[in-house]
Structures are given as C-alpha cells and as structure tokens.
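Student: coordinates for the following, if possible.
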Amino acid sequence: MGIAKAGFGGGIGVIATPLMALTIPVTDAAALLLPLLIICDLFAVKHYRTCFDRRSAGLLLAGAVPGVGAGAFFFAYFLDNQRVLEVGIGVLALGFVLFQAVRVLLLGFLEKRHPPALEGIAMGAISGFTSTLAHAGGPPVSIYLLPQRLPRDLFLGTTVIFFASLNQIKLIPYYSLGLLKVGNLMTILLLAPLSYVGVRLGIYLKGRFTDLWFNRVVYAVLLLAGVQLVLGRNLLGMFWGD
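Tutor: Model (predicted):
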C-alpha cells in the first residue's frame, strides 16, 4: 500500500484487501487496512500537497460522500454474511484486473477532453462505494482523470489528495458499524513503519524504474485472489493436492 500511495505500480494497493480476505473476514481486512491507509496518506500528502488539480479533486469528493454512504449500507446489510462479502471483494478484484487490461488497450485512443462536472461527481460516487467495501476506488477515478491527460505528477497528486480525504470520510461509517476494533491496534502499530518504508520505496522506484513487470506480477496475483474469493476454493491447494 505504501508503494501504491507513492504513485508507483498503477494503483496496486487494491491487492491488499483481497489477499487479506483469503485468511480473515472481509470486514476485519477492510477495517485493519483503513488506519494503515491513513498513515500512508500522511506521508504521501506531504509529497504531493501542492501538486493536484483542485477542480477534479473537489468534484470527485462531492460524489464520494453519497458513495461512501451506499457502501456503508451494503456493509451493514451483509455484515453477518461473509460469503456475500467475499464474492463482492472477488468481483471487484477481477473487475480491477479487467479495467487495467482495457485501459492499456484504449489509452492510446483516448482523446484529450475535459469531462463535465456531472461525470466527475458520478465517478466519485462509484469510487466512494467501492473504496468503502475494498479500498478499491481507483478505476472510477482513473476513468475521470485519464482523458484530461494531466501531467504525471499532477495526476498522481490529485489521486493522493482525493483518497486521503476519502479515507478520512470512511472513518465515520467504519466507526458506526463497529468495524474499528481496539484488538487491531497492535497489528496496526507493527505494520505502520512498513507503510512508511513502502512510500519512500515507491517514490524511489517511480523516478528510476518502469513499473510494467511489477504491475504484471501484481495483477496476476490479484486475478488468482479474485477467482479464489469468488469460487470459495483454495486454488493453490488444488495445485498441490491439499
């Protein structure tokens, strides 16, 4: 997540929730990751605090608020049905992989344009919903920002500022639903330093290396995790006969 917050790896932070959902309940995975995301935000915002598109960030946030509300309602309705939540997270993971594949194919055909305000609000709402469920709000934001052909740092800065604000908003429903547990505090404290290391590593890698093969490996793992969550089977165990 730290590497992703620094803008390296094309939003690969989305892999965190599906991987954790393979071993612990979806609600626990999402709740455990939110404080870590906020810690990452502190480091990333410091780097991009003066480099973001204010109009785009504002429109996305305007839509994100009702989107978070809808995501919280979904969480509350299926709170006791982990299988539905697992399938939902798996579908989001597979959708993210599909989005990245289509994005690569269509990026060269996208004409530069300035999407209307309503489109920004709509994409913000979708992002708020998917981010509340699985911290996977990247694709709708990219759909809105990519046609604008913003400079790379401005694009990254806008996403950093938007998601930093969005994660603060998500604290309200997470707290109301009782997802934030004191028992997770020690785990968060142990993992927090690694989020800082991840952000610094991501900034270092972004300026020196291409993220092509890094992304391919991550998306392959995300694809397997998504399929496993949807099917409810241990794919690795199937290969090894376990």
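Student: neighbours of G71, just the number please.
Tutor: Counted by other CB atoms under 10 Å, the residues lying close to G71 total 24. For every residue, glycine as well, the C-beta is placed using N, CA and C.
Student: isn't it up against H135?
Tutor: No: contact between G71 and H135 fails when scored by CB atoms under 8 Å: they sit 10.6 Å apart.
Student: sketch out the low-pLDDT regions of this structure for me.
Tutor: 9-11, 104-111, 211, 233-242 (pLDDT under 70).
Student: let's see 50
Tutor: 236, 239-242 (pLDDT under 50).
Student: spatially central residue in it, please.
Tutor: Nearest to the mean C-alpha position of the chain, by CA atoms, centre = their mean, lies A136 at 3.2 Å.
Student: residues contacting it?
Tutor: 14, 17, 92-93, 96, 130 (CB atoms under 8 Å, 6 or more residues apart in numbering).
Student: surely V221 and I15 touch.
Tutor: Yes: with contact defined as CB under 8 Å, V221 counts as touching I15 (6.4 Å).
Student: could you look up the SS state of T210?
Tutor: coil (DSSP: H, G, I helix; E, B strand; the rest coil).
Student: next one: it from S131, what distance?
Tutor: 27 Å (CB to CB, to the nearest Å).
Student: and K46, by the same measure?
Tutor: Distance from K46 to S131, by CB to CB: 21 Å.
Student: so for the two, which residue has more residues nearby?
Tutor: S131 (28 against 10).
Student: ok, the more buried one to N184 distance?
Tutor: In terms of CB to CB, S131 sits 19 Å off from N184.
Student: just E119 next, same as before
Tutor: Distance from E119 to N184, by CB to CB: 37 Å.
Student: comparing those two, which residue is more hemmed in?
Tutor: Taking other CB under 10 Å, E119 and N184 do not tie; N184 has more neighbours (18 against 15).
Student: helix/strand/coil for that one?
Tutor: helix.
Student: quick one: contacts for it?
Tutor: Contacts of N184 (CB under 8 Å, 6+ apart): 28, 31-32, 35.
Student: which of those fall in helices?
Tutor: Those of those mapping onto helices are 28, 31-32, 35, per DSSP state H.
Student: export those residues as a markdown table, with columns for neighbour count and distance to V217.
Tutor: As requested, those are arranged in a markdown table below (neighbours: other CB atoms under 10 Å; distance: CB to CB, whole Å):
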| residue | neighbour count | distance to V217 |
| --- | --- | --- |
| D28 | 17 | 26 |
| A31 | 20 | 27 |
| L32 | 21 | 24 |
| P35 | 21 | 27 |
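Student: farthest pair in those residues?
Tutor: D28 and P35 (12.6 Å; CB to CB).
Student: the residue lying closest to V14 once chain neighbours are set aside is in what secondary structure piece?
Tutor: In this structure, V14 finds its nearest non-sequential neighbour in A136, 4.5 Å apart by CB to CB, 6 or more residues apart in numbering. Under DSSP states H and E, no helix or strand contains A136.
Student: what's the neighbour count on I143?
Tutor: So I143, with other CB under 10 Å, has 17 neighbours.
Student: in this structure it contacts M123, no?
Tutor: Yes: counting by CB under 8 Å, I143 does reach M123; the two are 5.7 Å apart.
Student: so which of the contacts of A136 is the most crowded?
Tutor: A93 (29 neighbours).
Student: how close does it sit to V65?
Tutor: Distance from A93 to V65, by CB to CB: 25 Å.
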